[in-house]
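Asker: Coordinates for the following, if possible.
(chains A, B and C)
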Amino acid sequence: MGAHTETFSIRTHGKGTLEITRETAAIVARSGIRNGTVTVFVRHTSASLVIMENADPSARRDLELFFEKLVPENTPWFIHTQEGPDDMPSHIRMALTRTSEVIPVMNGRMTLGTWQGIFLFEHRRPPHHREIAVSVVGE
Amino acid sequence: MGAHTETFSIRTHGKGTLEITRETAAIVARSGIRNGTVTVFVRHTSASLVIMENADPSARRDLELFFEKLVPENTPWFIHTQEGPDDMPSHIRMALTRTSEVIPVMNGRMTLGTWQGIFLFEHRRPPHHREIAVSVVGE
Amino acid sequence: MGAHTETFSIRTHGKGTLEITRETAAIVARSGIRNGTVTVFVRHTSASLVIMENADPSARRDLELFFEKLVPENTPWFIHTQEGPDDMPSHIRMALTRTSEVIPVMNGRMTLGTWQGIFLFEHRRPPHHREIAVSVVGE
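Answerer: Model prediction:
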């Protein structure tokens, strides 16, 4: 039984989803843990996680546009706008998706389905360095 | 200390919520783990999880209808519609709810509150076989 | 390797967000676990969790107001309204945020980012006692 923790960072290119499945799988492999869970955690409040279809990019385009419309920039009653029109929408879109995602590990591999990828969801307009903490526990 | 992993599948009847608390509790019992966590994970991107009131079904009816209205079928700007009008709404409704849910285990039982049940949330119109991966870790 | 579980309760003051980072950190410290994860779980279906900016309270004010508008009280087609106009909106706002949150633990500390706090999100109008279950697993 054991636990293995690592962090990694990724550079985003402004708003959009970036796949981090490979980075996560590499940490699971390095952990040597065969059965248990892997936890992925974004250390920010203006970026989030989502497990999404990894085959057809059109699904992610529609997802991203949906959030643009559900939580619009320049909503007139937002008061938390010091960092610009994408400031408050970023926090709300983060709260509507996920900060942590936990995936069971069986026989040394994540139990992701065929079409599932793990994506970092950047909500800010400028590129950012984002830190991801990963913890594998099990035996 | 240990880890216990299992998968099970469930047949859905089209859109709606289906309780999987009993199946999850049975896996916790089989694990023999007394203290730790149980992780429930849906291996699909058009179905999700939600922990919801398990007493009055009207709460789930309102929840389901809310998502029908928040992410409508036939949204004119969706481009990811190869599998029909319920294709893209399924992915977005999944992203707005949860792919994984983690419940502490104490004294061999999940710490669900009195009114909490674990539900699979099917977002597609046709019935589907859905696979759930469960991992219990602890001691 | 081990697991440490505790529950604590908090009194809310009606709708709004209440920080529980300190209570969670204290449990991580008491657990003696250096590397692994901490799971925070709300044992209710009308309150939820969100990891949110902990510096400027205006971000939480905008978040709370957004949910008031996204899931309005007195929505005419809600049928689950026995406990009042805040009954069904509470369940939906809970489903749109999180019941569980999992944070990696490294070197005995949670890997929260600089601006991240863990908040209980009370969705009911009256004050409530809310129970939180916490499980730390790792070694």
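
Asker: Pretty sure residue A:109 sits against residue A:31.
Answerer: No. The pair residue A:109 / residue A:31 is not scored as a contact, 11.6 Å apart, by CB atoms under 8 Å. The way it works is simple: take the backbone N, C-alpha and C, and place the C-beta from them, glycine included.

Asker: and these two? which has more neighbours close in?
Answerer: residue A:31 (22 against 13; other CB atoms under 10 Å in any protein chain shown).

Asker: Which residues are in contact with the more buried one?
Answerer: Neighbour list for residue A:31: A:2, A:4, A:38, A:136 [criterion: CB atoms under 8 Å, 6 or more residues apart in numbering or on different chains].

Asker: which parts of chain A sit against chain B?
Answerer: A:1, A:35-37, A:50-53, A:56, A:58-59, A:61-63, A:65-66, A:70, A:96-98, A:101-106, A:111-113, A:115-116, A:137-139 (CB under 8 Å from any CB of the partner chain).

Asker: Among those residues, name the buried ones.
Answerer: A:1, A:35-37, A:50-53, A:59, A:61-63, A:66, A:70, A:96-98, A:101-106, A:111-113, A:115-116, A:137-138 (16 or more other CB atoms under 10 Å in any protein chain shown).

Asker: Of these, which are in range of chain C?
Answerer: Restricting those to those near chain C - CB under 8 Å from any CB - leaves A:1, A:37, A:70, A:96, A:98, A:102, A:137.

Asker: Could you identify the most distant pair in these?
Answerer: Maximum pairwise distance in those, criterion CB to CB, is 42.5 Å, between A:1 and A:70.

Asker: who's the residue nearest the centre of chain A bridged to?
Answerer: Centroid check for chain A by CA atoms, centre = their mean gives residue A:49 as the closest residue, at 2.3 Å. Partner residues in beta bridges with residue A:49, using DSSP bridges, are residue A:98, residue A:120.

Asker: any idea how far chain C is from it?
Answerer: Note on residue A:49: its distance to chain C, by CB to the nearest CB, to the nearest Å, is 11 Å.

Asker: residues contacting that residue?
Answerer: By CB under 8 Å, 6+ apart, the contact set of residue A:49 is A:40, A:42, A:97-101, A:118-121.

Asker: Over to residue A:98?
Answerer: Counting by CB under 8 Å, 6+ apart, residue A:98 touches A:48-50, B:98-99, C:98.

Asker: ok, now how distant is it from residue C:139?
Answerer: 26 Å (CB to CB, to the nearest Å).

Asker: One more: residue A:73?
Answerer: Per CB to CB, residue A:73 is found 45 Å from residue C:139.

Asker: Same question for residue A:78.
Answerer: Distance from residue A:78 to residue C:139, by CB to CB: 44 Å.

Asker: got the phi/psi numbers for residue A:12?
Answerer: phi -90, psi 170 (degrees, to the nearest 10).

Asker: Do I have it right that it meets residue A:132?
Answerer: No. Applying CB under 8 Å as the test, residue A:12 and residue A:132 come out as separate, 11.4 Å apart.

Asker: Neighbour count for the two, which is higher?
Answerer: residue A:132 (24 against 19).

Asker: so that one bridges to which residues?
Answerer: Following DSSP bridges, residue A:132 is listed with bridge partners residue A:8, residue A:42.

Asker: Show me where chain A dips below the pLDDT cut-off.
Answerer: A:1 (pLDDT under 70).

Asker: longest helix in it, by residue count?
Answerer: Ranked by number of residues, the top helix in chain A under DSSP state H is helix A:57-70.

Asker: what does it rub up against?
Answerer: In contact with helix A:57-70 (CB under 8 Å, 6+ apart) are residues A:15-17, A:50, A:52-53, A:93, A:96, A:119, A:123, B:45, B:70-71, B:77-80, B:88, B:91-92, B:95, C:70.

Asker: what separates it from the chain centre, distance-wise?
Answerer: Chain-centre distance of helix A:57-70: 15 Å, with CA atoms, centre = their mean, to the nearest Å.

Asker: Past it, which element shows up next along the chain?
Answerer: helix A:87-96 (DSSP states H and E).

Asker: If you count contacts, what does that next one end up packed against?
Answerer: Packed against helix A:87-96, as judged by 3 or more CB pairs under 8 Å, 6 or more residues apart in numbering or on different chains; DSSP states H and E, are the following elements: strand A:47-53, helix A:57-70, strand C:47-53, helix C:57-70.

Asker: closest one to residue C:128 among those?
Answerer: Closest approach to residue C:128 among the helices and strands packed on helix A:87-96 (CB to CB): strand C:47-53, 7.0 Å.
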